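1. fold the following and give me the result.
(one chain, ligands or ions: 2)
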Amino acid sequence: MAPAALIFDVDGTLAETEHEGHRPAFNEAFREAGLDWRWDEDLYGELLAVTGGKERIRRYIERHRPGFRPPAGVSLDELVARLHRAKNAAFARRVREGALGLRPGVARLLREARAAGVPLAIATTTSPENVEALLRHTLGADAPGWFDVVVAGDMVSAKKPSPEVYERAVQALGVDPGRCVAFEDSAHGVAAARGAGVPVVVTPSHYTRGEDFDGAILVVEHLGEPGSPARVLDGTAAARVGPRCVVDLALLAGLVAGTGASAGGAAR
Ligand code: XBP
Ligand code: MG
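-> Ligands and ions are numbered 1, 2, ... in the order given. Just a heads-up that it's a prediction; the model follows:
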């Protein structure tokens, strides 16, 4: 039986948005604001421990700019909100310019699910406008409408690793969480999905390789394409799936049924 729904994380999972999108966009926003802050690869890797762009800017100020005071008449909240808006505008520009492509297998699996009538959802920490921009420019103007449910950014009271974003998505879909599959790239994401009882497939990304994805049913380098299957790295079902696979609905049906794989998705 097909999964009840597929629920996708956005950053790092649909595309390498942190590396190629958010980090340079944060730096652009700081430059535009006349700040000499610059987040390099290592620093951004450290700051990713905090989910949420506004939360990340605050953490940076606390840890790395302890003496910083906003300009007269501007509160810290306002400054952070302004910088975050400018960052999202820079992110959207980068997406429009084609700086970000979807990771292998993402478009294929989304299209397969749509054709089979399997509901799709988004469960992300990023802002709704970033999701919309990415989907439109990578999949087409109608792509945001492919998703029955989108839970994003500040729609929850606690961001990942809190399970709230997945709990909200599953509730809005009206499905059994254990029959859905979540797609994530980070340990925070795995914790969030598992906390809500949703089995997780992990495709590690630029910043999350090397994290501990304990509890994931499958850890695979990417979702794979026919003729170019992905390497299986880990996961409770890894042994049953085999060394390489294409993550398709047949494979996912086997995973949620607890059989690991079925002919359609097994190594080929
Ligand atoms: C990604 C995040 C986000 C983005 C930036 O989480 O942690 O904070 O880096 O997004 P996920 P905003 O992979 O769960 O989507 O600046 O819009 O908050
Ligand atoms: Mg992610």
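2. do you know how far the closest residue to ligand 2 within the stretch 1-150 of the chain is from residue 135?
-> Ligand 2 sits closest to residue 12 of the stretch 1-150 of the chain, with a gap of 3.8 Å, by CB to the ion. Bear in mind the C-beta positions are built from the backbone N, C-alpha and C, glycine included. Remark: distance between residue 12 and residue 135 (CB to CB, to the nearest Å) = 15 Å.
3. picking up where we left off before, surely the residue of the stretch 1-150 of the chain closest to ligand 2 is in contact with residue 202?
-> No. Residue 12 is beyond contact range of residue 202, at 10.1 Å (criterion: CB atoms under 8 Å).
4. and those two? which has more neighbours close in?
-> Taking neighbours as other CB atoms under 10 Å, residue 12 and residue 202 compare with residue 202 leading, 28 against 23.
5. show me where the stretch 101-250 of the chain has strands.
-> In the stretch 101-250 of the chain, the strands defined using DSSP state E, counting those that start in this stretch lie at 120-123, 149-151, 180-184, 200-202, 218-220, 230-234, 244-245.
6. contact partners of stretch 84-97?
-> The contact list for stretch 84-97 (CB atoms under 8 Å, 6 or more residues apart in numbering) reads 17, 20-22, 24-26, 28-29, 32-33, 53-54, 57, 100, 127, 129-130, 133-134, 137-138.
7. excluding sequence neighbours, find me the nearest residue to residue 161.
-> residue 191 (3.8 Å; CB to CB, 6 or more residues apart in numbering).
8. scratch that, residue 128
-> Leaving out its chain neighbours, the residue that sits closest to residue 128 by CB to CB, 6+ apart is residue 152, at 4.3 Å.
9. and the one you found, how many neighbours?
-> Residue 152 has 19 neighbours, counted by other CB under 10 Å.
10. about what we covered before: the contacts of stretch 84-97, buried ones only, as a ChimeraX selection?
-> In ChimeraX syntax, the buried subset of those is picked out as below (16 or more other CB atoms under 10 Å):
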select :17,20,21,22,24,25,26,28,29,53,54,57,100,127,130,133,134,137,138
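11. can I assume residue 7 sits in a strand?
-> Yes. Assessed by DSSP: H, G, I helix; E, B strand; the rest coil, residue 7 belongs to a strand.
12. OK, contacts around it?
-> Contacts of residue 7 (CB under 8 Å, 6+ apart): 120-123, 166, 169-170, 173, 180-183, 193, 198.
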